[in-house]
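Peer 1: When you get a sec, could you give me coordinates for this:
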Amino acid sequence: MKKAKPKVSIIICYYKKKFFFKKTITSILKQTYKNYELIVIYDDNNKTELKFVKKILEKIPKFKIIINEKNIGAGLSRNKGIKYAKGKYIAFCDADDLWHKDKLKSQVNYMQEKKINFCHTSYKVIDYNGKYIGNFCVVNKLNYGSLLKSCDIATSSVIVSRNILRGKNLFTNFKTKEDYSLWLKIVKKEKELNGINTNLVFWRSVRNSLSSSFFQKLIDAFKVYKISENYNSIISTYLVIRLSMFALLKKIDMYR
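Peer 2: All right, here's what the predicted structure looks like:
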């Protein structure tokens, strides 16, 4: 008897992404790996786009929508989704990013073959209109020291075993870097994080988005090192400067 494929819970946090959301869901519908459920957390005080979101989700065989009473941010919204997740694995997708049709299949097969709890991938960079503008290649393994220097993990490329997302191993409430804080927690537990150097995600670079706010990222990077990782202020400041330098080099390499 053929062994059933493990279920993947896909978590999407939605906040004012009407222009992109249909394409994101379409890329999920095209997945060659079909044993998944979709959990969408609607995180907008303004409910004018809620009807649109519900209409798009009707195409998904198994979905759940969670409606936040007020905006709480991506990190805490994803934590809500994790609580409702039923899958063995959890995948995250930003509401404006796209997936290659074999993303889930490739990563689940890789994780089962290697018997690992975390996997991320390389990704192509696209602009507002979906035009290809660059790419980023990941290394095969990241340890705590390398991840501390540079956050080279795209949230939309991550699949993680649900059983390690417990207790303090959850997203923070920082406005940005909420994912970076979690990856650092996980790498300390797992010792290494595996990457697949295949472009299985299309990461959208949008100007004026929260993730593109330079000063907000500096503030939140300091919080990651000072609050989450418990480094003192001097070391935290040094780590922020180093992280910023690596981020600049990464951006130059991505758009080369």
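Peer 1: The residue positioned nearest the centre of the chain: what's it in contact with?
Peer 2: When C-alpha atoms, centre = their mean is applied to the chain, the residue found nearest the centroid is Thr155 (1.8 Å). Residues near Thr155 by C-beta atoms under 8 Å, 6 or more residues apart in numbering: Phe92, Asp94, Asp179. The C-beta positions use only the backbone N, C-alpha and C, and glycine is treated the same way.
Peer 1: Now do Tyr85: how many residues are near it, please.
Peer 2: Wrong residue type there; residue 85 is Ala, not Tyr. Counted by other C-beta atoms under 10 Å, the residues lying close to Ala85 total 21.
Peer 1: swap in the one 4 residues further on?
Peer 2: As a burial measure, Tyr89 scores 24 neighbours (other C-beta under 10 Å).
Peer 1: can you pull the contacts of it?
Peer 2: Contact analysis of Tyr89 by C-beta under 8 Å, 6+ apart lists Pro6, Lys7, Val8, Ser9, Val108, Met111, Ile159, Val160, Ser161, Arg162.
Peer 1: so how far is Asn129 from the closest residue to Tyr84 other than its chain neighbours?
Peer 2: Using C-beta to C-beta, 6 or more residues apart in numbering and skipping the chain neighbours, the partner closest in space to Tyr84 is Ile39 (5.6 Å). Distance check for Ile39 against Asn129: by C-beta to C-beta, to the nearest Å, it reads 28 Å.
Peer 1: Please say which of the two ends up with more neighbours.
Peer 2: Taking other C-beta under 10 Å, Ile39 and Asn129 do not tie; Ile39 has more neighbours (24 against 7).
Peer 1: avg pLDDT for the host helix or strand of that one?
Peer 2: Taking DSSP states H and E as the definition, Ile39 sits inside strand 36-42. The average pLDDT within strand 36-42 is 98.
Peer 1: So which other helices or strands are in contact with the next helix or strand after that strand?
Peer 2: Next in sequence after strand 36-42, counting helices and strands by DSSP H and E, comes helix 50-57. Applying 3 or more C-beta pairs under 8 Å, 6 or more residues apart in numbering; DSSP states H and E, one finds that helix 50-57 contacts helix 18-29, strand 36-42, strand 63-67.
Peer 1: Kindly recompute the last result at 10 Å.
Peer 2: Judged by 3 or more C-beta pairs under 10 Å, 6 or more residues apart in numbering; DSSP states H and E, the packing partners of helix 50-57 are strand 8-14, helix 18-29, strand 36-42, strand 63-67.
Peer 1: model confidence over it, on average?
Peer 2: 96.
Peer 1: from the middle of its chain, how far away would it be?
Peer 2: 22 Å (C-alpha atoms, centre = their mean, to the nearest Å).
Peer 1: before we move on, back to that, go through the helices and strands packed on helix 50-57 and name the closest to Glu229.
Peer 2: Nearest to Glu229, of all the helices and strands packed on helix 50-57, is strand 8-14, at 23.9 Å by C-beta to C-beta.
Peer 1: Give the pairing partners of that closest one; include direction for each.
Peer 2: Paired strands of strand 8-14, with direction, are strand 36-42 (parallel), strand 89-92 (parallel) (DSSP bridges).
Peer 1: which of those is buried the deepest?
Peer 2: The highest mean neighbour count among the strands paired with strand 8-14, using mean count of other C-beta atoms under 10 Å, belongs to strand 89-92: a mean of 24.
Peer 1: So what pairs up with Leu142 in the strands?
Peer 2: Beta-bridge pairing for Leu142 (DSSP bridges): Leu193.
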